[in-house]
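Q: Pasting the sequence and the predicted coordinates here, then a few questions.
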Amino acid sequence: MIFRLFTWWYTDGWKHAFKSIRLRLIAVMEHFSVGILVKTLWEPWKQIKRYAWQGSSLGDKMQVAFDNGFARFFGFVLRMSLINIAIIVSLFVGVWSIVLVVIWPLIPLLPIGFVMVGLGLIGL
């Protein structure tokens, strides 16, 4: 049984560890809904739009245009901030995943190291 564990750990388990990097990054992007954020980048925030009445004055129409432009700009800023946060989180997840893949072959050796430290064969 121990032989099968080591066989899996250093073959299929390691392949699974590599595949998990991609899955983790996809999960982060889906969590932040990056695809939707990019598609709606210039949409007004919370779909807030104002409309000018047909008989409105030029000043009212200008105010409505300014409000709608501000809502779009505010939506752009918030969506870009979320996209940037998603990129930063993805970088952390990616780096952490690579660290885990690098130490993957050493994990089965940890119990041996703990026993050696416990017996006093290795000093920390």
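A: Right, received. Where do you want to start?
Q: Please make it C-alpha for all contacts and neighbour counts, starting now.
A: OK.
Q: Residues contacting stretch 21-31, please?
A: Where contact means Cα atoms under 8 Å, 6 or more residues apart in numbering, the residues beyond stretch 21-31 that reach it are 35, 86, 89, 90, 93, 94, 97, 98.
Q: who touches the first one in this structure?
A: Going by Cα under 8 Å, 6+ apart, residue 35 touches residue 29.
Q: Going by contacts, tell me the helices and strands next to the helix ranked longest in the chain.
A: In the chain, taking DSSP state H as the definition, the longest helix is helix 58-103. Judged by 3 or more Cα pairs under 8 Å, 6 or more residues apart in numbering; DSSP states H and E, the packing partners of helix 58-103 are helix 12-32, helix 34-39.
Q: Save those helices as CSV, and put in distance to residue 102 and mean pLDDT too.
A: What follows is those, written out as CSV (distance: least, Cα to Cα, whole Å; pLDDT from 0 to 100):
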stretch, distance to residue 102, mean pLDDT
helix 12-32, 10, 90
helix 34-39, 28, 93
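Q: if we can go back for a sec, just after the longest helix of the chain, pick out the following helix or strand.
A: Once helix 58-103 ends, the next helix or strand along the chain (criterion: DSSP states H and E) is helix 110-118.
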